[in-house]
Structure formats: structure tokens, C-alpha cells
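Chemist: okay, predicted coordinates and the sequence, questions at the end:
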Amino acid sequence: MSVSDLVDTREKILETATRLFSAQGYTNTSLSQVAKEAQVSKALIFWHFENKEKLFRTALQKTLEPYFINMVDELEGLSEIDQIRLLIDRYYSFVSENLYSVKFLLNLILRDERHPDDLIGHMIELQRVYRNLLADIIDHGRQTGVFRDDVNPSLDAGLIMTALHGLLVQGFMGTEAGEPPDAVLRHLKSALVDTLRR
């Protein structure tokens, strides 16, 4: 087997495992099932991943990779209002472009079953960083007089995050559930940002 074949086989195992973990959860997915659906031997899975938890963690890491995006450089030089709008746009773009990985993580979090504890920790940390970035921008806008004196940076950042999460759920349900997500996004940016202004 060539190096290229080994890489292809590893990716095939990983893709199959990711799909099964997402659909059935960690507990209900067996290595035998992954082997059967990936059309490889169980021994080959052990050769690449050692055990089920290692396979799951590798699948999770691959799924989380797109979440680690550096926004700081893009925000530099923009007004507070444009920074918030850009963060909202990036969130929407990211979710749209990584729908499978978002569904994978949400399915795992929402299932009432055992999974490696650091899964929830990763998601909480990512949400915390994003929310804190929004809160810092809102606080700076309040201090410089762009936003009202009575804005609450933490609560307003939480409100924006809640609206974005709602947009995410609406995107999963399709346009039958209401207005097209891009129209809601445009309204969200204008309505939420305008409530912060002086």
C-alpha cells in the first residue's frame, strides 16, 4: 500500500466515522460499523487511530478546525458598527460554508449520551471568545460615544449571539420556516446595531 493509499484510507475512515458519530452519537457507533461502511478492516482502523475515542477525537478535531478563524486582523481599522456587522457576516458565512460540521457538533451536544467531556468545553470556549469579542467592541463604542451610555456590552453581545443562533436554527429548517436567512441577516444587522447607537 502506497503512502497516498494510506492517506486516502485514513480520510475515508474519518469521513465515515464523522457521519456515523453525527447521525448515531458516540455510544451507538461501533468500530465494526465504521469498518463495514468504510469498507476497511477493523485492524486498519486500529492501525490509524488506536481506539474508538482516538477516532472520535480526530473526527472532532477535524470538524473544529474551521472554527479557529482569526478575526482580529480583519477588524482592525473598522468602526465599531462595521466591526459588529463584519462579525455577524462572518458568523453567517462560516455556518453556511460549514453546515455539515455545525450539524455534527450540534447533534453530539444535543444527544443525551456519553461523549468525551472536552467536546462541550471546546464549544463553550469558542462561543465565549466570540461573545467576548462582541462585548469588547460594544464597550469600546460606548466609551467613545458611538453607542448609548446605557448599553450593557455583555447583555447586548448575548442578544446578538442569541439572534445568530436563531438564524442558524432557521437555516436548518429551510425557507419554509419563514423569511430567507439572508433577508433576516440583513434585518438583524440593521435592527440590532441601530439599537446600540446614540
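Modeler: That came through fine.
Chemist: I'd say Asn132 and Pro153 touch.
Modeler: No. The criterion here is C-beta atoms under 8 Å, and Asn132 misses it with Pro153 at 9.4 Å. No exception for glycine: its C-beta is placed from N, CA and C like everyone else's.
Chemist: so for the two, which residue has more residues nearby?
Modeler: Higher neighbour count among Asn132 and Pro153: Pro153, with 21 against 13, using other C-beta atoms under 10 Å.
Chemist: any idea how far that one is from Tyr92?
Modeler: Pro153 sits 22 Å away from Tyr92, going by C-beta to C-beta, to the nearest Å.
Chemist: can you give me the helices in the protein?
Modeler: For the chain, the helices defined by DSSP state H cover 3-24, 31-38, 42-49, 52-64, 72-75, 80-97, 99-110, 118-143, 153-173, 181-196.
Chemist: what packs against the worst-scoring helix or strand of the chain on mean pLDDT?
Modeler: Least confident element among the helices and strands of the chain, by mean pLDDT, DSSP states H and E: helix 99-110 (a mean of 73). Helix 99-110 sits against helix 3-24, helix 52-64, helix 118-143, helix 153-173, with contacts defined as 3 or more C-beta pairs under 8 Å, 6 or more residues apart in numbering; DSSP states H and E.
Chemist: from the chain's centroid, how far away is that helix?
Modeler: Mean C-alpha position of helix 99-110 versus that of the full chain (C-alpha atoms, centre = their mean, to the nearest Å) differs by 8 Å.
Chemist: tell me the domain boundaries of this structure?
Modeler: Following automatic domain parsing, one finds the domains of the chain at 3-60, 69-196.
Chemist: can you tell me the average pLDDT over the shortest one?
Modeler: By that I understand domain 3-60. Averaging pLDDT along domain 3-60 gives 87.
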